[in-house]
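Visitor: Below are the sequence and a predicted model for it; my questions follow.
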Amino acid sequence: MDLWSAGFVYGGAAGMVISISLTLRYYKLSREEGVPLRALLWSTYILTSMSLMYGLALYYLLVRDMYSLFMAILVSNVTMVAWLFLLTERWGSGVVVSNAIGDVVVVSGTIISEVLMGMTYTLYLNPRVNAGAVTLLLSSLNSPWFTVPMTAEALLSYLFVRPRGLFNRLAPLVALMMLFNPVMISGTAWLQTSIYASSILMIIAIVIMLDYLYRKSVVTGYDMITVLGYPIVMALMMILQFYPLLNPTYWLYYGLIVMADMAWYLFLYLHSSDHWSSVAWITRPIPITVTLIAIFVGEIFMGGVLSIMMGFLNTGAFSTLINLNSPLIGLYNIIVFTATLTGSPGFLVMMGAEMGWLVIDRLRTIKNGENRIRYLLMFLAYWLYTFYAPTFLPPSFIKYPYLLWSMGLGTAGPLAPVLVWAIVGTYIINVVLSLLFGSRQLCSITCSASYMWQGTFYNKLKLSPLNPMRHGSKGVMLKLRTYVGVSVYVMLGLLATLSLLDQLGLVHVYVYGEDPLVFLYLLLFGFIWYIFFALAPVLGTYNCVTYGWCHWGLLNQVVGRFGLFKLVVKDPSLCIHCKSKACAYACPVGNTGLPGSFISKGYYKSSLCVGVGDCVEACPYGNIRFYDVRDVLARLPRWARRLQRLQNT
Ligand code: SF4
Ligand code: SF4
């Protein structure tokens, strides 16, 4: 690039960034109940000048003759002088226009001028891109001449006037997400860097949002819009990273999401000083559900992108799964596609990192020592059973129980005859552990679900007014749980038999080429589980337990009911006088009968109790403690002494 070109390109871009950032600052500060027309005119004067300058330069580059050059100079000068004349004549003084009109003008003016600059420089530096207006437009949205100035403007305007509320924390991330456009610079190094960087930024953004909601029970309408809209933008961004990895021609469209990100940034930036009403977000389960669905969709695709980049997923495997031609095959493909991504290492690492922050955050406030230990074990178990064991464990370990079959039949493959005893062993280990420690050994420690339900934000969702276990529908839910559980077990038995017969070569029954037992596992734990997870604000937390479709949890809960685990109170008389009954309100799975049982029996025992210990934390008197095999062992020496004394007498 010669000196003149460098001056034209870099100087022009820098001038544009500073002018637009200052214009945004000026417009934002002029904006109150309405925006003075003169402030809007000054802002649009700058934006229009920029648009004209680059638009007409682009026109000249496309046509390249003296007539177009002459027209470009003429139109540009006449418009700017006429506009300036209006402004110096104090035209429009005292007139106020609505914020909505002003915002649309300023946001579209900013983006149009950026797009025109991107197109101008793209064409100037690479005349071969001139393959049609649409291709030129899409290519320029992917170019650094669009992306970098956008990012710089977002960051500068943020520094000039810091927005309020949640967006104050998110704005720098929203800006940086624009910068990490994987195709802005050609080459594998940038592609990898930008994909990993945008994933990290997205994880940080989600943690910030969920943490913000946890800490502030009452937020503003502006915060609610932020948590609703930003996950949708992030989800689209991840979808637009995933599909180009399957078919690189889709990269052409990535710049569109960068543009949408900037538009969303500008909308939130301009609205941060408006007067918003306050809202207790937990009383709005539907918008929160939409947010969680968007987060979940973004995470699924992010998991896929990371897994492909890390070499764990083969892009060829998706070629048939994106076929939605017939409804039945389409549904099957959606289930397997989702389960493939949710079971992929990239997804599990990402979930582990994201949820981990929320779990650590909760751990810091835990008072009860036993709960602290459980949290640490839960943390360890997530990484061991969910990520390390299925991903890195040598295949030869598949025959050992409790490593790859930790969610029962179908977890790690068809029911091959050679594995029958290993799987039976896994069941025996679980049954014994549940008899000794209660079903919490699974549902509150080793199952990855506990890790996901027990973080700060997700635990708070148990207070949702729609949680069916918190009000009158509890009885219906418990009946439903029985019916669902029985149906799932019948299906499990049938499909396990088919799987075994398939493996023995006696029958040939497959679901679109997939082993029926494995398909059931994918359906339950790779698909339905995550849908229920995202629907927690309307279905309640720990809905795998309360709806009874997790056969693995159900088995352990039923067995645990006959085991040693229970909750005991140190002093039942405290419960008689206790006004708060905080233990019953704290339980995420609807064990509302705790106080009554404590008063009448001194303990509480139920198959529904999965030992999360929220009641232990909530009791204002520290009255509840866990009882399990350790208590029995502690009493053994006393029994032995008593026995000896009896023998001696
Ligand atoms: S019910 Fe199933 S999915 Fe839910 S926590 Fe227990 S084992 Fe995990
Ligand atoms: S266990 Fe604690 S919170 Fe529950 S009723 Fe008794 S004293 Fe109250």
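Guide: That came through, no problem. Numbering: from 1, shown residues only. Ligands and ions are numbered 1, 2, ... in the order given.

Visitor: C-alpha only now, for contacts and for neighbours.
Guide: Noted.

Visitor: Which residue, other than its chain neighbours, is closest to R561?
Guide: Spatial nearest neighbour of R561, excluding adjacent residues (C-alpha to C-alpha, 6 or more residues apart in numbering): S607 at 4.9 Å.

Visitor: quick check, that neighbour in a helix?
Guide: No: S607: not assigned to a helix; according to DSSP: H, G, I helix; E, B strand; the rest coil it is coil.

Visitor: Make 14 the starting number, not 1.
Guide: Shifting the count to begin at 14 puts that one at S620.

Visitor: which ones are touching it?
Guide: Neighbouring residues of S620 by C-alpha atoms under 8 Å, 6 or more residues apart in numbering: 570-571, 573-574.

Visitor: Quick check: the gap between L168 and L54.
Guide: Separation of L168 from L54 (C-alpha to C-alpha, to the nearest Å): 24 Å.

Visitor: Average pLDDT for stretch 556-573, rounded please.
Guide: Mean pLDDT, stretch 556-573: 94.

Visitor: Any residue of that stretch touching ligand 1?
Guide: Yes: remark: stretch 556-573 sits within contact range of ligand 1 at 557-558, 563, 565-566, by C-alpha under 6 Å from any ligand atom.

Visitor: neighbouring contacts of stretch 589-606?
Guide: Under C-alpha under 8 Å, 6+ apart, the answer for stretch 589-606 is 472, 475, 482-483, 487, 553-556, 558-559, 588, 607-608, 612, 621-622, 627-629, 631-633.

Visitor: Next, report how far that stretch is displaced from the centre of its chain.
Guide: Counting by C-alpha atoms, centre = their mean, to the nearest Å, stretch 589-606 is centred 31 Å from the centre of its parent chain.

Visitor: Next secondary structure after whichever strand or helix holds M363?
Guide: If you go by DSSP states H and E, M363 is part of helix 358-376. Where DSSP H and E defines the elements, the next helix or strand beyond helix 358-376 is helix 382-394.

Visitor: could you give the angle of that following helix to helix 358-376?
Guide: 170 degrees (axes from the mean of the first three to the mean of the last three C-alpha atoms, to 10 degrees).

Visitor: so what does helix 382-394 touch, helix or strand wise?
Guide: helix 358-376, helix 461-466 (3 or more C-alpha pairs under 8 Å, 6 or more residues apart in numbering; DSSP states H and E).

Visitor: Buried only: go through the contacts of stretch 589-606 for me.
Guide: 472, 475, 482-483, 487, 553-556, 558-559, 588, 607-608, 612, 621-622, 627-629, 631-632 (16 or more other C-alpha atoms under 10 Å).

Visitor: For ligand 2, tell me which of those show up nearby.
Guide: 588, 608, 632.

Visitor: ok, these vs E367, which is closest?
Guide: Ranked by distance to E367 (C-alpha to C-alpha), those are led by C632 at 29.2 Å.

Visitor: and E312, how far is that from A202?
Guide: 23 Å.

Visitor: More neighbours: which of the two?
Guide: Counted by other C-alpha atoms under 10 Å, E312 and A202 do not tie: E312 has more neighbours, with 28 against 10.

Visitor: That one: which element?
Guide: helix 298-322.

Visitor: Show me the strands in the protein, by range?
Guide: 48-49, 109-110, 231-233, 291-293, 579-582, 616-617, 637-640 (DSSP state E).

Visitor: now the ones you listed as JSON lines including mean pLDDT and distance to ligand 1?
Guide: Formatted as JSON lines, the strands of the chain follow (pLDDT from 0 to 100; distance: least, C-alpha to the nearest ligand atom, whole Å):
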{"stretch": "strand 48-49", "mean pLDDT": "93", "distance to ligand 1": "53"}
{"stretch": "strand 109-110", "mean pLDDT": "92", "distance to ligand 1": "55"}
{"stretch": "strand 231-233", "mean pLDDT": "96", "distance to ligand 1": "29"}
{"stretch": "strand 291-293", "mean pLDDT": "95", "distance to ligand 1": "28"}
{"stretch": "strand 579-582", "mean pLDDT": "97", "distance to ligand 1": "17"}
{"stretch": "strand 616-617", "mean pLDDT": "97", "distance to ligand 1": "19"}
{"stretch": "strand 637-640", "mean pLDDT": "96", "distance to ligand 1": "18"}
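
Visitor: will you turn these into CSV that also has mean neighbour count and distance to S452?
Guide: As requested, the strands of the chain are arranged in CSV below (neighbours: other C-alpha atoms under 10 Å; distance: least, C-alpha to C-alpha, whole Å):
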stretch, mean neighbour count, distance to S452
strand 48-49, 22, 61
strand 109-110, 16, 63
strand 231-233, 17, 35
strand 291-293, 14, 34
strand 579-582, 22, 10
strand 616-617, 22, 14
strand 637-640, 20, 13
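
Visitor: quick one: which of those is nearest F400?
Guide: Of those, nearest to F400 by C-alpha to C-alpha is strand 637-640, at 29.3 Å.

Visitor: can you tell me the average pLDDT over stretch 69-87?
Guide: On average, the pLDDT along stretch 69-87 is 86.

Visitor: Using CSV, list the CA coordinates for that stretch.
Guide: Extracted C-alpha coordinates of stretch 69-87, given in CSV (Å, rounded to 0.1, in the frame of the first residue of the first chain):
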residue,chain,number,x,y,z
LEU,A,69,-19.9,8.8,-3.4
ALA,A,70,-16.4,7.5,-3.3
LEU,A,71,-17.8,4.0,-3.7
TYR,A,72,-19.9,5.2,-6.6
TYR,A,73,-16.8,6.6,-8.2
LEU,A,74,-14.9,3.3,-7.6
LEU,A,75,-17.7,1.3,-9.2
VAL,A,76,-18.1,3.5,-12.3
ARG,A,77,-14.6,5.1,-12.5
ASP,A,78,-15.1,8.0,-15.0
MET,A,79,-14.8,11.7,-14.8
TYR,A,80,-18.5,12.3,-14.9
SER,A,81,-19.0,10.1,-11.7
LEU,A,82,-16.1,11.9,-10.0
PHE,A,83,-17.7,15.3,-10.8
MET,A,84,-21.1,14.2,-9.6
ALA,A,85,-19.7,12.8,-6.4
ILE,A,86,-17.9,16.0,-5.5
LEU,A,87,-21.0,18.1,-6.5
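
Visitor: in it, what's buried?
Guide: For stretch 69-87, by 16+ other C-alpha under 10 Å, it's 69-71, 73-75, 81-82, 85.

Visitor: per-residue pLDDT, the residue nearest the centre of the chain?
Guide: Central residue of the chain (C-alpha atoms, centre = their mean): I308, 3.3 Å from the mean position. Looking at I308, its pLDDT is 96.

Visitor: Can you tell me how far the residue nearest to it when sequence neighbours are not counted is from I306?
Guide: Nearest-residue entry for I308: P244, 5.3 Å, with adjacent residues in sequence omitted and distances by C-alpha to C-alpha, 6+ apart. P244 sits 9 Å away from I306, going by C-alpha to C-alpha.

Visitor: Tell me which of these two has more neighbours.
Guide: Neighbour totals were compared for P244 and I306, and P244 leads with 25 against 20 (other C-alpha under 10 Å).

Visitor: so that one touches I301, yeah?
Guide: No: P244 is beyond contact range of I301, at 11.0 Å (criterion: C-alpha atoms under 8 Å).

Visitor: what is in contact with these two at once?
Guide: Counting by C-alpha under 8 Å, 6+ apart, P244 and I301 have no shared contacts at all.

Visitor: List the contacts of the residue of the stretch 314-463 of the chain found nearest ligand 1.
Guide: In the stretch 314-463 of the chain, the residue that lies nearest ligand 1 is C456 (3.7 Å; C-alpha to the nearest ligand atom). Contacts for C456 were tallied using C-alpha under 8 Å, 6+ apart; they are 462-463, 566, 623-624.

Visitor: how about 10 Å then?
Guide: Going by C-alpha atoms under 10 Å, 6 or more residues apart in numbering, C456 touches 391, 462-464, 555, 557-558, 565-567, 569-570, 622-625.

Visitor: And for P481?
Guide: With C-alpha under 10 Å, 6+ apart, P481 has these contacts: 475, 487-490, 551-554, 556, 559, 602-603.
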